[in-house]
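Visitor: Give me a model of this one.
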Amino acid sequence: VLADAVVYFFTWRFVNLETYYSIKTGIVTYAVIQNVFQHRIKKEKMQFAVKDCTLIAPKAASEDKIAEFKPEIVYNGLSDPDVPDAYVALFCDADGKRVAYYFDATAEMLKRCRFYNREATVVTQVRY
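Guide: Numbering: from 1, shown residues only. Next comes the predicted model:
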């Protein structure tokens, strides 16, 4: 029991993670927030410009396009693997690597994506 408490104490910060994304002037920032001993530590994982995306669409409807794109790096910002509003953004990063970013879409996020990249954005009805 004591060993379990020690393991729990030292590893909780690695499993108690929150994901976060924001969009500002067409730049999406994806970060992971760790809760460490009453402190919230925000670690930025990546940024990309919406205008550089080749596709922003619902995950379920885009499986064939994702397979065709063959992403080298995958970032998963989904709150749940089965969330109905799961979207994917496909783009190439600064190093030329193909990246897929999965996120929970909101109406506001889709509105901004549509504004910055009308051709690549597929808008559907979302819950929020």
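Visitor: Tell me where this protein has strands.
Guide: 17-24, 27-36, 39-49, 55-58, 73-77, 86-92, 98-104 (DSSP state E).
Visitor: Buried deepest among the ones you listed, which one?
Guide: Of the strands of the chain, the one with the most neighbours on average (mean count of other C-beta atoms under 10 Å) is strand 86-92, at a mean of 23. Where you see a C-beta, it was placed from the backbone N, CA and C, and this is true even at glycine.
Visitor: so what secondary structure elements neighbour that one?
Guide: strand 39-49, strand 55-58, helix 63-69, strand 98-104 (3 or more C-beta pairs under 8 Å, 6 or more residues apart in numbering; DSSP states H and E).
Visitor: In this protein, where is pLDDT below threshold?
Guide: Within the chain, the ranges that satisfy pLDDT under 70 run 1, 8-16, 36-37.
Visitor: got a list of what the residue nearest to the spatial centre of it touches?
Guide: By C-alpha atoms, centre = their mean, the chain has its centre lying nearest to Gly77, at 3.4 Å. Gly77 sits next to 19-21, 30, 101-104 when contact means C-beta atoms under 8 Å, 6 or more residues apart in numbering.
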